[in-house]
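> sequence plus the predicted model coming up.
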Amino acid sequence: MPPDDATPRRAEPRRVIPLVIAGFALAGIVVHLVVFLLPGPPPFPPRWPLLAVLVFGGVPLVIGLIVKLFRKEIGADLLAGISIVTAFFLGEYLAGAIVVLMLSGGEALEQYALRRASSVLHALMARMPKVAHRKRDGGIEPIALDAIVPGDELVVLPHEICPVDAVVTSGHGAMDESYLTGEPYVMSKAPGSEVLSGAVNGESALTVRATRLAKDSRYAEIMEVMRRTEEGRPRLRRLGDRLGAYYTPLAVLVAVGAYLVSGEAKRALSVLVVATPCPLILAIPVAIIGGISLAARRGIIVRDPAVLERLDTCRTVIFDKTGTLTYGKPVMTEILLTGSLTRSEALSLAASLEQYSKHPLAAAVVEAARREGAALYAADAIAEPPGRGLSGLLHGRRVELTGRKAVAATLPPSVAGLEAVMLVDAAVVAVLRFRDEPRDDSRSFVLHLAPRHGVSRVMLVSGDRAEEARYLAERVGITEIHGGQSPEDKVRIVTEEAAKAPTLFVGDGINDAPAIAAATVGLAFGRGSDIIAEAAGAVLLDTSLIKVDELFHIAQRLRRVALQSAVGGMALSIVGMAFAAAGFLTPVAGAVAQEVIDVFAILNSLRAARSPTRLHDYDR
């Protein structure tokens, strides 16, 4: 449901300015050449368009570089800024204008590679309604979310987003909580059922009693974790910046050496111009755009181009469990009867109760009941206190479903595994067993990570119970297991691991969004949730681990092509620097030589967009 105030957002100025400067620089150079080549007296001095380019285009670029320098960010573009300033003071306006064009063009390409990416927090906040509907004096009045207090009776209208954590007091209906849990289930609701802020109501209006302030609700907690994660995320240096940090001082030293030996300032400028690292400024963004295009053709939407630079460096991989390594659809495999009920009666009572639950196992019970034709009844009341299972009144009997720990003393020693225990009027009557099977390729993919992609650690971090996480981990070959983790716990674990080594996190639910954002690289399986898509660096439209492997290979190939273009281009530039230092290249000739080098580097970078026959190399 789109937010009421959804409006198109204007492009950020910092994304538009490089493109405007590049267009202005190109126009200025063209006008200069036309005026310079006109027969007869020129209508105005040919240098004027070039001066305009240096003043109106070069000054903003140089100011931006000075700001980065004060932040101690020495990157590939600093050398270009030095060339612009030197060209201006030495009167080599054409050479300076060409550098302005190259620098702004590279930044424009980088912004194009970034594409349109909106804020995670914006997407989170845009989903929430601005007002709630409170019952007062027999009627309904609109109320701001921050005015809701625990105990307020609210009406959640059909298809409305629940504004606060609450408990249903009257009405029967259903809510879609997949935005919060990542599980594609619609949960039935009856009096006593808990509802979560951010859940989407179904066809029926429900009356609920607020249990928390809006600012303390589960949805708000996830937003706050997301905000802290974004603010605390360290800035990672890009490939071009890392290479430029070594190349720039070398070029400056050669230029200074050429001036000291020859005494000619223009010779130093020639060195700087031919050394301008356009293979870093232009070729790497072109390779990244090619990689993004190839990924899109394979059903992978890359939202943050830096993912393609960082993924191949990740040495720790952390998986969520449900829906990532498994299909997210637990299946009930067995009912152990311990009382007088028949299998059909036990299944009918269990499913009648579970249809109101949001637990992933509940859907398996309901599905089993429908498959076997067991009847489903409406509950008179429902309660699901945290950590104490699910209970309700069905035909005058109190039915409870809970974990085995709550009634371990009354269970036979042979009962073990993933199960739910059912009690009727406080007596254990049945034990329900389940299995959430791993994907067909989960084990082969996990075992493939170390030898093929250099991954040294694979971890499972799940919100599911520890025994469920342990069962899956054993099936797929993972030895480091963290079960029962909240979104905050996941962020803590991911942050700690990312501080030790580059870390990849793969998940699929909104509860995974903060951890995805905290990781060096965050990948999400696309399940229709805009929130997790905003948090992830890349979204895999096909929920298959093959796509994760394909992205690994795209990143490896892109990194290889980008390094070839960048290092090869810089090597040719170093040769040009030697000729310029020896006096064989003028500043303009140096700029032209650099353009020739750029063409070769860019042509090589275009190979990143070509698709190999096969992009994964493990068997299902």
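Great, that's in hand. Small disclaimer: the values here were computed from a predicted structure and weren't measured. Numbering: from 1, shown residues only.

> can you classify residue 133 by secondary structure?
strand (DSSP: H, G, I helix; E, B strand; the rest coil).

> swap in the one 10 residues further on?
When states are read from three-state DSSP, the local structure at residue 143 comes out as strand.

> do the same with residue 344
helix.

> confirm for me that it is in contact with residue 374.
Yes: at 5.6 Å, residue 344 and residue 374 qualify as touching, with contact defined as CB atoms under 8 Å. Using the backbone N, CA and C atoms, a C-beta is placed for each residue, glycine as well.

> these two: which is more packed in?
Set residue 344 next to residue 374 and count neighbours by other CB atoms under 10 Å: residue 374 wins out with 20 against 14.

> is it true that that one lies in a strand?
No: under three-state DSSP, residue 374 sits outside any strand and is assigned coil.

> and it, how far is that from residue 508?
31 Å (CB to CB, to the nearest Å).

> shaky segments in the stretch 501-620 of the chain?
509-510, 526-534, 611-620 (pLDDT under 70).

> mind redoing it with 80?
For the stretch 501-620 of the chain, the stretches flagged by pLDDT under 80 are 508-511, 526-536, 541-543, 591, 594-595, 598-599, 602, 608-620.

> can you show me the strands along it?
Assigned by DSSP state E, counting those that start in this stretch, the stretch 501-620 of the chain shows strands spanning 503-507, 521-525, 538-540.

> buried sites along the shortest one?
Judged by neighbour count using 16 or more other CB atoms under 10 Å, the buried positions of strand 538-540 are 538, 539, 540.

> what's the single longest strand in the protein?
For the chain, the strand that runs over the most residues, judged by DSSP state E, is strand 427-435.

> residue 500 reaches residue 316, doesn't it?
Yes: contact criterion CB under 8 Å: residue 500 and residue 316 qualify, at 7.3 Å.

> that older thread, now do the longest strand of the chain: distance to the chain's middle.
Between the mean C-alpha location of strand 427-435 and the chain-wide mean there is a distance of 39 Å, by CA atoms, centre = their mean, to the nearest Å.

> so what secondary structure elements neighbour the very next helix or strand once past it?
Later in the chain than strand 427-435, the nearest helix or strand by DSSP states H and E is helix 442-453. Identification of packing neighbours for helix 442-453 by 3 or more CB pairs under 8 Å, 6 or more residues apart in numbering; DSSP states H and E yields strand 457-461, helix 466-476, helix 545-581.

> any chance of those in TSV, plus mean neighbour count and distance to residue 60?
Formatted as TSV, the helices and strands packed on helix 442-453 follow (neighbours: other CB atoms under 10 Å; distance: least, CB to CB, whole Å):
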stretch	mean neighbour count	distance to residue 60
strand 457-461	21	45
helix 466-476	19	53
helix 545-581	21	25
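
> domains in this structure, by residue range?
13-117+237-292+554-609, 128-231, 300-327+439-541, 331-435 (automatic domain parsing).

> for the residue at minimal distance from the centre of the chain, which non-adjacent residue is closest in space?
The geometric centre of the chain, computed from its C-alpha atoms, lies nearest to residue 536 (CA atoms, centre = their mean), at 0.8 Å. Among residues not flanking residue 536 along the chain, residue 524 sits closest, at 3.7 Å (CB to CB, 6 or more residues apart in numbering).

> okay, now the one you found: neighbour count?
Residue 524, neighbours per other CB under 10 Å, totals 29.

> and residue 169, that's in a strand?
Yes: under three-state DSSP, residue 169 sits within a strand.

> which of the helices and strands packed on helix 442-453 sits closest to residue 325?
helix 466-476 (5.8 Å; CB to CB).

> which positions within whatever helix or strand comes next after the closest one qualify as buried?
Counting by DSSP H and E, the next helix or strand C-terminal to helix 466-476 is strand 480-482. Within strand 480-482, the residues scored as buried using 16+ other CB under 10 Å are 481, 482.

> strand 480-482 pairs with which strands, parallel or anti?
The strands that strand 480-482 pairs with in its sheet are strand 457-461 (parallel) (by DSSP bridges).

> give me the neighbour count for residue 56.
So residue 56, with other CB under 10 Å, has 15 neighbours.

> who's in contact with it?
21, 24 (CB atoms under 8 Å, 6 or more residues apart in numbering).

> list the beta-bridge partners for the residue nearest to residue 457 when sequence neighbours are not counted.
Counting by CB to CB, 6+ apart, residue 316 is the residue found nearest to residue 457 once chain neighbours are left out, at 4.5 Å. Note on residue 316: beta-bridge partners by DSSP bridges are residue 457, residue 503.

> ok, residue 316 - contacts?
With CB under 8 Å, 6+ apart, residue 316 has these contacts: 455, 456, 457, 458, 459, 497, 498, 500, 501, 502, 503, 504.

> picking up where we left off before, restricting to C-alpha, output the longest strand of the chain in CSV.
Coordinates of each C-alpha in strand 427-435 appear next as CSV, following Å, rounded to 0.1, in the frame of the first residue of the first chain:
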residue,chain,number,x,y,z
ALA,A,427,-3.1,-32.6,29.7
VAL,A,428,-0.5,-33.5,27.0
VAL,A,429,-2.4,-35.2,24.2
ALA,A,430,0.0,-35.0,21.2
VAL,A,431,3.5,-34.1,20.0
LEU,A,432,3.8,-32.6,16.4
ARG,A,433,7.1,-33.0,14.6
PHE,A,434,8.3,-30.8,11.8
ARG,A,435,11.1,-30.3,9.3
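
> report all helices and strands that it contacts.
strand 331-337, helix 343-354, helix 360-372, strand 419-424.

> low-confidence ranges in the stretch 101-250 of the chain?
For the stretch 101-250 of the chain (pLDDT under 80), the answer is 102-103, 105-130, 138, 176-188, 198, 215-248.

> for it, just list every one of the helices.
120-127, 178-181, 218-232, 239-262 (DSSP state H, counting those that start in this stretch).

> next secondary structure after the longest one?
If I follow you right, that is helix 239-262. Next along the chain from helix 239-262, counting by DSSP H and E, comes helix 265-275.

> picking up where we left off before, go through the longest strand of the chain and flag the buried ones.
428, 429, 430, 431, 432, 433, 434, 435.

> ok, the first one touching residue 341?
So the one you mean is residue 428. No: applying CB under 8 Å, one finds residue 428 not in contact with residue 341, separated by 10.8 Å.

> output the contacting helices and strands for the one helix or strand residue 48 maps to.
Using DSSP H and E, residue 48 maps to helix 47-52. Secondary-structure packing of helix 47-52 (3+ CB pairs under 8 Å, 6+ apart): helix 13-37, helix 93-114.

> and the ones you listed, which is most packed in?
Mean neighbour count (mean count of other CB atoms under 10 Å) peaks for helix 93-114 among those, with a mean of 25.

> name the helices or strands packed onto that one?
helix 13-37, helix 47-52, helix 59-70, helix 78-90, helix 265-275, helix 284-297, helix 587-605.

> distance to residue 145 for those - can I get that in a markdown table?
Output for these, formatted as a markdown table (distance: least, CB to CB, whole Å):
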| stretch | distance to residue 145 |
| --- | --- |
| helix 13-37 | 32 |
| helix 47-52 | 52 |
| helix 59-70 | 39 |
| helix 78-90 | 48 |
| helix 265-275 | 57 |
| helix 284-297 | 38 |
| helix 587-605 | 49 |
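
> tell me which of those lies nearest to residue 245.
helix 78-90 (8.9 Å).

> what angle do the closest one and helix 587-605 make?
Counting by axes from the mean of the first three to the mean of the last three CA atoms, to 10 degrees, helix 78-90 points 160 degrees away from the direction of helix 587-605.

> can you tell me which of the helices and strands packed on helix 442-453 is nearest to residue 354?
Here helix 466-476 is closest among these (CB to CB), at 16.6 Å.

> could I have the CA atoms of that closest one written out in PDB?
What follows is helix 466-476, C-alpha atoms only, in PDB (Å, rounded to 0.1, in the frame of the first residue of the first chain):
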ATOM      1  CA  ALA A 466      18.600 -23.000  18.600                       C
ATOM      2  CA  GLU A 467      17.700 -26.600  18.000                       C
ATOM      3  CA  GLU A 468      16.100 -25.800  14.700                       C
ATOM      4  CA  ALA A 469      19.200 -23.800  13.600                       C
ATOM      5  CA  ARG A 470      21.500 -26.600  14.700                       C
ATOM      6  CA  TYR A 471      19.500 -29.200  12.800                       C
ATOM      7  CA  LEU A 472      19.800 -27.200   9.600                       C
ATOM      8  CA  ALA A 473      23.500 -26.400  10.100                       C
ATOM      9  CA  GLU A 474      24.300 -30.100  10.400                       C
ATOM     10  CA  ARG A 475      22.500 -30.800   7.200                       C
ATOM     11  CA  VAL A 476      24.300 -28.100   5.100                       C
END
